[in-house]
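> okay, structure incoming, though there's no sequence with it:
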């Protein structure tokens, strides 16, 4: 048996973004922190690889709310500019429709609203009004979800609940995002554009509550950003910061079991050895935490009563030419959007006309992210969670469908320019990141109570055990994972008083 000599030590299971942020916060709080990671690299889904001069961010590609990263550097009393830099992107996304319409989502409100009015006939004021409501919802309601646990009355009393209730409108909970957007816009193109924000947490806009209309605030009011060096620079910066503060990382080392006795966490088992700790934080998917690390299959099964989020199928293509009509972020919409989501969540089969997302970081750093006069394409379609489908056949199906759509809208034979290709499927997502069924965000938000049903950031039965990451409160995506670490650290402070 091995025991850390410090009387205040913590173990973090998993070096994903939430795990890195948790380690930094706990180390700053005075804990001696050790992080165990089964892979040989940090970052979890936010990883990176390179082939023949093409740089690829393997996972998340959208960067919003940089202040959440700045907050960690301030907390650690370290100058962020020594680790990390970013710039605001002038156009959040290029939206392509099958009829040839291209909408540029400018960061500037006036330009964005004017672009929409010119391209769709939608009055500019409708866009301004929608984004005002989105800002109000985010600033007055989202704080409850993003800064506080929803599972302790004592903590919730600290939250500005009265203020949130004042701004909470009936449609936010009892109509779908699609219904809400239909009531706000005349143009079906604009309804579809704002429906897509449900996919930011792997949900169905035709079922998810209109509360998700607060998500556009992040892109269109606060802004979309590009981190210099690509998204992997976020992982590298947080990893370097954690090491600078004294966090110890042990890679290629999965945790076998969480030890508890008398309803108190004792540590973990690693390679057959007991490693003792006062506090354990799991950044592993909460399903696998219960199933494998705690040996509680009934609790794991209970988690599965909540619908899993969608997954993704990603092609990483090194392109031998540049495409001037594309930007950093690009969306090619399906003509049958509702049917696409029905396929994702009900039939659980690939859809013949998928919405295609393309991220091209070489647009921001040409000649660095890809060889000169070439581009690195991260091509993603929403995919159903893994239920044992034939993913080899689905790979061919998706590639054909993607190329058909891109060829039609861009007007070129895209396939002939692909000189490098790698893929990531729901199966490989599950294998690499321990995300059950390859679900990117744990559970979906396809019910009005979904936000309240996510697993809390602490254990109700095991003192000293906490949970962070996309499978628990407040949800998936970089900002929410960073928020989960902040909520966890606040809970720890409250629990040790």
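That came through, no problem. Since we're looking at a predicted model, the values are computed, not measured.
> residue 288 belongs to a helix?
Yes: counting by DSSP: H, G, I helix; E, B strand; the rest coil, residue 288 is found in a helix.
> give me phi/psi at the closest residue to it other than its chain neighbours?
Excluding the flanking residues, the one nearest residue 288 by C-beta to C-beta, 6 or more residues apart in numbering is residue 434, at 5.2 Å. All C-beta atoms are positioned from the backbone trio N, CA, C, and that covers glycine. Residue 434 adopts backbone torsions of phi 50, psi 40, taken as degrees, to the nearest 10.
> got a list of what residue 434 touches?
Counting by C-beta atoms under 8 Å, 6 or more residues apart in numbering, residue 434 touches 14, 38, 284, 285, 288.
> helix/strand/coil for the third one?
Classification of residue 284 into helix, strand or coil gives coil, according to three-state DSSP.
> pLDDT weak spots in the protein?
Applying pLDDT under 70 to the chain flags residues 1-6, 154-173, 443, 445-452, 497.
> assign residue 487 to helix, strand or coil.
Once three-state DSSP is applied, residue 487 turns out helix.
> oh, I was asking about residue 484
Under three-state DSSP, residue 484 comes out as helix.
> touching, it and residue 17? I think so.
No: if you go by C-beta atoms under 8 Å, residue 484 and residue 17 don't touch, sitting 9.5 Å apart.
> from residue 45, how far off is the residue nearest to residue 288?
Between residue 434 and residue 45 the distance is 10 Å, computed by C-beta to C-beta, to the nearest Å.
> got it, and residue 217?
Distance, residue 217 to residue 45, using C-beta to C-beta: 24 Å.
> between the two, who's got more neighbours?
Taking residue 217 and residue 45 together and counting by other C-beta atoms under 10 Å, residue 45 has the greater number of neighbours (25 against 21).
> residues in contact with the more buried one?
So residue 45 contacts 16, 17, 58, 59, 60, 429, 433, 435, 440 (C-beta under 8 Å, 6+ apart).
> the fifth one belongs to a helix?
The one in question is residue 60. No: going by three-state DSSP, the assignment for residue 60 is coil, not a helix.
> show me where the stretch 151-300 of the chain has its strands.
Ranges of strands in the stretch 151-300 of the chain, per DSSP state E, counting those that start in this stretch, are 225-227, 248-250, 257-261, 264-270, 273-276, 279-282.
> for residue 140, find the nearest of those strands.
strand 225-227 (23.7 Å; C-beta to C-beta).
> helices or strands up against that closest one?
With contacts defined as 3 or more C-beta pairs under 8 Å, 6 or more residues apart in numbering; DSSP states H and E, the packing partners of strand 225-227 are strand 86-88.
> how far does stretch 107-125 sit from the chain's center?
Distance of stretch 107-125 from its chain centroid, counting by C-alpha atoms, centre = their mean, to the nearest Å, is 28 Å.
> for it, which positions count as buried?
Residues of stretch 107-125 classed as buried: 107, 112, 113, 115, 116, 117, 119, 120, 122, 124 (neighbour count, 16 or more other C-beta atoms under 10 Å).
> gap between the fourth one and residue 193?
Spelled out, it's residue 115. Residue 115 sits 11 Å away from residue 193, taking C-beta to C-beta as the criterion.
> ok, the second one next?
Separation of residue 112 from residue 193 (C-beta to C-beta): 11 Å.
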